[in-house]
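J.: Below are the sequence and a predicted model for it; my questions follow.
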Amino acid sequence: MKEIVFDQVCKSYDQNQVVKKLNMKIKAGERLILLGPSGCGKSTTLRMLAGLEDITSGDLYMGGRRVNDVESGDRNVSMVFQNYALYPHMSVRDNISYALKVNRFPANEIAERTSEAIKMLDLVGLEERKPKELSGGQRQRVALARAIVKRSDYFLLDEPLSNLDAQLRAHARKELVKIHEKYHQTMIYVTHDQTEAMTVGQKIALMDKGVLQAFDTPKKIYNKPANVFTARFIGSPPMNVVEAAYEDGKIFIDGKKMKVPDAWCKVIKKQNKIYFGIRPEDICLSRKGNDKDYSVKAVVRYVEDYGDKYGVYFQINGVEMLALSDGDVPTPGETVHFEPNFDKVHFFDGETQKNLGYPKEK
Amino acid sequence: MRINMKQMGIHILLGLIALVLLFPILFAFVNSFKTFEEATNHIWRIIPIKPTLENYKYVFSALPFVKITWNTFIIAAIVTIFKSVTSILAAYAFVFFDFKGKRGVYFLLISTMFIPFTVTMIPNYITISQLGLNDNIMGVALPQFADALGIFLLRQSMRTIPRSLVEVAKIEKIGHARVMKDIIVPIIKPSVVSTGIIFFINSWNEYVWPVLILKSKDNYTLSLALQMFISAEGGTDFTVAMAVSVITMMVPLLMYIIFQRYIINTFALSGVK
């Protein structure tokens, strides 16, 4: 089985630890996204998989074999680099077939694999061109073609779409999924773009400062974020996560009191300092206040027009939050009632920032 | 308008400098076709009154000139090939390998560029003598098989190559020798060519080291032959010396003219102008 296991893997450069005790199991044939802000250690993790970086401590297993000391070329991986790393002096065809030739594949097989990749990635007619005569999207496809002709067990991609414009990116995302569905390699994909992560990934590993923050399906990561970092990182616009105090079935946001349904009280228990999280689309700002106990007064600061929606920035005392609204928009300066949808709120521990969980029925 | 005036001034200055630099070449070329008599009477005349090839004929009869040219060529060729190979290998290691003390080793190596020849002359001479390579063209070539300038220049051009090109090859199980031959050298070909020409011309023009090593006229290089004609042994006929000069500079000059674009690019790239 071509699964990948990280067991307490650490990576340091001198005193600087960039990956900290990473434990992660990637199933064979899975599409995993390594997601996180820049400098979070995701690219280093990928490069350790590729054998381009040594592992400082811990064990890395690929297909059941410990690969800490296995040379890059013996790991049966292929990789697409962010800058594509095409050989500038070789034609498209040579770029794709070069490694096969060096590794002495039979000529008919080289020809067959190369032409299949050329067709699949829509490079027909460009075979004799040099990389500098290609557009960004075409170069990216050549890099993909070069990676797939190897038919390796592991397919690694380091921000492969970040140099493309938005339209091409959407198209390339679909193409990547198509390729994966055809070859079913174990695919590890590094990106800082959460749209890419949500659409391409079957699983997402979210990293921050070298630490794995969340490891789950895109849906779960979005709906039940494991901690404050995950909650804030996933989703656009990001979730509002604010400090609050909890006491006797009520939370206090910057001193302002709001009742919390009983089901939640069981989850929060005796916490004092907590974090309260809610996505902008799950907030209702009403003029009247439907249920005054379960809402709190807020003042609208300013309104952004997104075309199909409005973003309403409001304040509860000194705490600013954002709500999305599609109709009846309050005007700046107006006092409204902040009514969270309590089916979609999140509470996090005030110290560890971990998710406190959800009421049973949810 | 002021910029134009400034540029014109610079161009006039450059033109004057070029003239000063070109003058000895023109002088040698013109006088090599004059008879000794004409040269002494009309040394500044640009077009000879009675052009003659006598000087060249004399040079070829007085010394085994074909052999000497061949010696010079062989030494320069061997030096160029070996120095290019060692420079490529070292530069590749300095750019694409990570090892402890890399910077230190590199700067130590580069600092050897500033050691005057006179310092290494005697140790090198002793080594070559012990190897029994005295009066042997290999003795001239051997100490020049590696030097810092080539490593420096090629490292500068290799640094412009993204590391990922080498990494992708590593993942594809392509060995370093193959990567160098198929990927790195083709990409930096202009730099390899121009450093090669610099090596060739330097070796071609070398004088002090061959003078120490080579004894018999059969093993002479062109610069030694030239010296002979300028000094007492060859006589005081300077038109003959001019003919030897012209022969000596012909090959490097031609090479420079053919490859000048590469040479200028390499130096512009490395920031050494």
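T.: Thanks, I have it.

J.: give me every residue that touches the residue of the stretch 101-250 of chain A found nearest chain B.
T.: The minimum distance from the stretch 101-250 of chain A to chain B, using Cβ to the nearest Cβ, falls at A:Val102 (5.0 Å). For every residue, glycine as well, the C-beta is placed using N, CA and C. With contact set as Cβ atoms under 8 Å, 6 or more residues apart in numbering or on different chains, A:Val102 has these partners: B:Glu172, B:Lys173, B:Ile174, B:Arg178, B:Asp182.

J.: Just flag the most distant two among those.
T.: Greatest spatial distance among these (Cβ to Cβ): B:Lys173 and B:Asp182, at 13.5 Å.

J.: hang on, the earlier thing: which one of the contacts of A:Val102 is nearest A:Gly29?
T.: B:Glu172 (22.2 Å).

J.: any idea how far the residue of the stretch 101-250 of chain A closest to chain B lies from B:Tyr207?
T.: Note on A:Val102: its distance to B:Tyr207, by Cβ to Cβ, to the nearest Å, is 46 Å.

J.: Make a PyMOL selection of the buried ones in the contacts of A:Val102.
T.: Buried residues among the contacts of A:Val102 (16 or more other Cβ atoms under 10 Å in any protein chain shown), as a PyMOL selection:
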select buried, chain B and resi 172+173+174+182
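
J.: near chain A too, which of the contacts of A:Val102?
T.: B:Glu172, B:Lys173, B:Ile174, B:Arg178, B:Asp182 (Cβ under 8 Å from any Cβ of the partner chain).

J.: Including secondary structure and pLDDT, could the residues you listed go into TSV?
T.: Formatted as TSV, the ones next to chain A among the contacts of A:Val102 follow (DSSP: H, G, I helix; E, B strand; the rest coil; pLDDT from 0 to 100):
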residue	secondary structure	pLDDT
B:Glu172	coil	93
B:Lys173	coil	93
B:Ile174	coil	94
B:Arg178	helix	95
B:Asp182	helix	95
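
J.: can I get these in TSV with distance to B:Gln227?
T.: TSV is the format used below for the ones next to chain A among the contacts of A:Val102 (distance: Cβ to Cβ, whole Å):
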residue	distance to B:Gln227
B:Glu172	55
B:Lys173	55
B:Ile174	50
B:Arg178	46
B:Asp182	45
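
J.: Going by distance to B:Leu22, which of those residues wins?
T.: Nearest member of the ones next to chain A among the contacts of A:Val102 to B:Leu22, counting by Cβ to Cβ, is B:Asp182, at 42.1 Å.

J.: any weak-confidence spans in the stretch 101-250 of chain B?
T.: Applying pLDDT under 70 to the stretch 101-250 of chain B picks out residues B:231-236.

J.: which parts of it sit against chain A?
T.: Residues of the stretch 101-250 of chain B lying close to chain A by Cβ under 8 Å from any Cβ are B:162, B:164-165, B:167-174, B:178, B:182-183, B:186-187.

J.: Out of these, which comes closest to A:Met198?
T.: Once Cβ to Cβ is applied, the member of these that ends up nearest A:Met198 is B:Ser164, at 27.0 Å.

J.: what about the closest residue to A:Lys203 other than its chain neighbours, helix or strand, and which?
T.: With Cβ to Cβ, 6 or more residues apart in numbering or on different chains as the measure, A:Leu32 is the residue that lies nearest to A:Lys203, at 4.9 Å, once sequence neighbours are left out. Assigned by DSSP states H and E, A:Leu32 belongs to strand A:31-35.

J.: how deep is the one residue in chain A that gets nearest to chain B tucked in, by neighbour count?
T.: Chain A approaches chain B most closely through A:Gly73 (2.9 Å), counting by Cβ to the nearest Cβ. For A:Gly73, the neighbour count with other Cβ atoms under 10 Å in any protein chain shown is 17.

J.: got it, and A:Cys10?
T.: With other Cβ under 10 Å as criterion, A:Cys10 counts 16.

J.: try B:Phe73
T.: Count around B:Phe73 with other Cβ under 10 Å applied: 16.

J.: three-state assignment of the closest residue to it other than its chain neighbours?
T.: The spatially closest residue to B:Phe73, leaving aside those adjacent along the chain, is B:Val251, at 7.5 Å (Cβ to Cβ, 6+ apart). Following DSSP: H, G, I helix; E, B strand; the rest coil, the label given to B:Val251 is helix.

J.: Name the residues of stretch B:98-106 that are buried.
T.: Those would be B:Tyr106, for stretch B:98-106 by 16+ other Cβ under 10 Å.

J.: now could you export just the CA positions of it as CSV?
T.: In CSV, the C-alpha atoms belonging to stretch B:98-106 read as follows (Å, rounded to 0.1, in the frame of the first residue of the first chain):
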residue,chain,number,x,y,z
ASP,B,98,25.3,21.8,0.7
PHE,B,99,28.2,21.0,3.0
LYS,B,100,29.7,22.3,6.2
GLY,B,101,32.1,25.2,5.7
LYS,B,102,31.0,25.8,2.1
ARG,B,103,31.4,29.6,2.3
GLY,B,104,34.7,29.3,4.1
VAL,B,105,36.2,27.0,1.5
TYR,B,106,34.9,29.1,-1.3
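
J.: Identify the residues contacting that stretch?
T.: For stretch B:98-106, using Cβ under 8 Å, 6+ apart, the contacting residues are B:Phe94, B:Arg155.

J.: repeat that for 7 Å
T.: B:Phe94 (Cβ atoms under 7 Å, 6 or more residues apart in numbering or on different chains).

J.: try stretch B:163-171
T.: Contacts for stretch B:163-171 (Cβ under 7 Å, 6+ apart): A:50, A:52, A:72-73, A:77-79, A:81, A:83, A:85, A:87, B:96, B:179, B:183.

J.: chain center to it: distance?
T.: Offset of stretch B:163-171 from its chain centre (Cα atoms, centre = their mean, to the nearest Å): 34 Å.

J.: now do stretch B:203-213
T.: So, by Cα atoms, centre = their mean, the centroid of stretch B:203-213 is 12 Å from its chain's centroid.

J.: buried stuff in that stretch?
T.: Those would be B:Ser203, B:Trp204, B:Glu206, B:Trp209, B:Pro210, B:Leu212, B:Ile213, for stretch B:203-213 by 16+ other Cβ under 10 Å.

J.: Tell me the backbone dihedrals of A:Asp328, please.
T.: The phi/psi pair for A:Asp328 (degrees, to the nearest 10) reads phi -20, psi 90.

J.: who touches it in this structure?
T.: With Cβ under 7 Å, 6+ apart, A:Asp328 has no contacts at all.

J.: Could you do the one 4 residues further on as well?
T.: Taking Cβ under 7 Å, 6+ apart as the definition of contact, the neighbours of A:Pro332 are A:Val300, A:Arg301, A:Tyr302, A:Val303.

J.: can you narrow the residues you listed to ones near chain B?
T.: The residues of the contacts of A:Pro332 that also fall near chain B, by Cβ under 7 Å from any Cβ of the partner chain, amount to none at all.

J.: Those residues in strands, which ones?
T.: The strands, defined by DSSP state E, take in A:Val300, A:Arg301, A:Tyr302, A:Val303 from the contacts of A:Pro332.

J.: Kindly write the ChimeraX command that selects the buried subset of the residues you listed.
T.: To isolate the buried ones among the ones in strands among the contacts of A:Pro332 in ChimeraX, judged by 16+ other Cβ under 10 Å, type:
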select /A:300,303
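
J.: Taking the ones in strands among the contacts of A:Pro332, tell me the two that lie furthest apart.
T.: The most distant members of the ones in strands among the contacts of A:Pro332, if one measures by Cβ to Cβ, are A:Arg301 and A:Val303, lying 8.5 Å apart.

J.: ok, and the closest non-adjacent residue to B:His42?
T.: In space, B:His42 is closest to B:Ile49, 7.1 Å off (Cβ to Cβ, 6+ apart).
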